[in-house]
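**Student:** what's the 3D shape of this:
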Amino acid sequence: MGLIGFVEAKDYSTDLGPYHVNFSIDDRSILASFDIPDFGKSENIRTTEAGVQYYVHRLAATYSIPPAPLEVSIYEYSKPVGYLDFAQMSLTHEEILKKLYYRAYESQEMAIDGHDGILTTGLAGLSSPGGDVYMFAYSINNKTMVNGVCYLDWNKTVEPILESLHVTLRPMKGVVDEDSDNFLDWSYDYARGNITFIADYPPLHDPIIVPAGTEVYAIRENTYAKIYFTTTEDGIIEIGQTEVTVPIKAKVDGPYSNMDAYSIKGIDGYLVGVYECENREPVMV
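**Tutor:** From the prediction side, this is the model:
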């Protein structure tokens, strides 16, 4: 712990999705973590207007009445989207503040977490939802951005956070870090797992062949979109047997194709003698 602006700030840290977030704050009791249970699940994936998929891992104050006094979000994109555009982010902040009836605002470039960032200050108007507001953003790399908004005191909360905020990637099994930059590279790996093909009945004379390249799919509940996977090895249901398990790989890279167990049940096309298929374990990046 340290003294910043003559206010005693305590270290606060938490795991947020695949990330570890650490900063100093005068009252850590106001914070709670959001989105952690949904990490790696398709339900937590969103899409930009340009069609790029991304995760949001959010840390927010526990206050039940919006807006939250403090909110930190990590945007993790499946494809490179470039680094922070200061002019564009400044305009984005100003547009948000105008809609919330803030009467004045000012943006400035500043270093946050060792990266080039931006801080926009909004002065509250008569119809604003809270007091003065501070909005900040910075890019960790060309696929990961951190955004924050705070309605709390500058000396007690905002300044200590901006001076101490640090985001790192937690070691996680199965995560690809192709660039060795300690952050996920979704575009370099595909969801992988196994699929089991089940026969109508045990073959009596000739084995049933499931050729490599056979496509199977899951249907997303909300959108009814089909998520396709391809077998990567030949499978053989031997005489007297009823099933065979072979590895599969998603056709689209990144966590969008992550699937829970027993989610993949469709076979694209017809396989003689095969009744159904199922993934008995999760299929993940």
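
**Student:** dump the residue contacts of Phe197.
**Tutor:** Val210, Gly235, Ile237, Glu243, Val244, Thr245, Val246, Ile267, Leu271, Val274, Glu276, Cys277 (C-beta atoms under 8 Å, 6 or more residues apart in numbering). Every C-beta, even on glycine, is put in place using the N, C-alpha and C of the backbone.

**Student:** Please read the previous query as pertaining to Phe23.
**Tutor:** So Phe23 contacts Asp11, Tyr12, Ser13, Pro160, Ile161, Ser164, Leu165, His166 (C-beta under 8 Å, 6+ apart).

**Student:** Tell me which other helices or strands the helix or strand encompassing the fifth one touches.
**Tutor:** Applying DSSP states H and E as the criterion places Ile161 in helix 159-164. Identification of packing neighbours for helix 159-164 by 3 or more C-beta pairs under 8 Å, 6 or more residues apart in numbering; DSSP states H and E yields strand 2-4, strand 7-16, strand 19-25.

**Student:** and the contacts of Phe197, which are buried?
**Tutor:** Val210, Gly235, Ile237, Glu243, Val244, Val246, Ile267, Leu271, Val274, Cys277 (16 or more other C-beta atoms under 10 Å).

**Student:** circling back to that earlier point, from the middle of its chain, how far away would the helix holding Ile161 be?
**Tutor:** 24 Å (C-alpha atoms, centre = their mean, to the nearest Å).

**Student:** What mean pLDDT does it get?
**Tutor:** In this model, helix 159-164 carries a mean pLDDT of 90.

**Student:** which helices and strands sit right next to whatever helix or strand comes next after that helix?
**Tutor:** Moving toward the C-terminus from helix 159-164, the next helix or strand (DSSP H and E) is strand 166-169. If contacts are counted by 3+ C-beta pairs under 8 Å, 6+ apart, strand 166-169 sits against strand 19-25.

**Student:** Return the set of buried residues in the strand it packs on.
**Tutor:** In strand 19-25, counting by 16+ other C-beta under 10 Å, buried: Tyr19, Val21, Phe23, Ser24, Ile25.

**Student:** got the CA positions of it in PDB?
**Tutor:** Coordinates of each C-alpha in strand 19-25 appear next as PDB, following Å, rounded to 0.1, in the frame of the first residue of the first chain:
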ATOM      1  CA  TYR A  19      -6.800 -11.700 -17.000                       C
ATOM      2  CA  HIS A  20      -5.400 -10.600 -13.700                       C
ATOM      3  CA  VAL A  21      -6.200  -7.000 -12.800                       C
ATOM      4  CA  ASN A  22      -4.400  -5.100 -10.100                       C
ATOM      5  CA  PHE A  23      -4.700  -1.400  -8.900                       C
ATOM      6  CA  SER A  24      -4.800   0.700  -5.800                       C
ATOM      7  CA  ILE A  25      -8.100   2.100  -4.500                       C
END
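
**Student:** could you give the mean pLDDT of it?
**Tutor:** pLDDT averaged over strand 19-25 gives 83.

**Student:** how much space between Ile157 and Ala124?
**Tutor:** In this structure residue 157 is Thr, not Ile. Going from Thr157 to Ala124 by C-beta to C-beta, to the nearest Å gives 16 Å.

**Student:** Tell me which of these two has more neighbours.
**Tutor:** Thr157 (23 against 18; other C-beta atoms under 10 Å).

**Student:** Isn't that one up against Asp26?
**Tutor:** Yes: at 6.1 Å, Thr157 counts as touching Asp26 under the criterion of C-beta atoms under 8 Å.

**Student:** Tell me which residue lies nearest the centroid of the protein.
**Tutor:** Tyr55 (2.5 Å; C-alpha atoms, centre = their mean).

**Student:** and that residue, which of the three is it?
**Tutor:** strand (DSSP: H, G, I helix; E, B strand; the rest coil).

**Student:** what's across from it in the sheet?
**Tutor:** With DSSP bridges as the criterion, Tyr55 is bridged to Ile45, Glu76.

**Student:** Pretty sure it sits against Tyr75.
**Tutor:** Yes: contact criterion C-beta under 8 Å: Tyr55 and Tyr75 qualify, at 7.4 Å.

**Student:** Can you check which residues contact both of the two?
**Tutor:** Contacts common to Tyr55 and Tyr75, judged by C-beta under 8 Å, 6+ apart, are absent.
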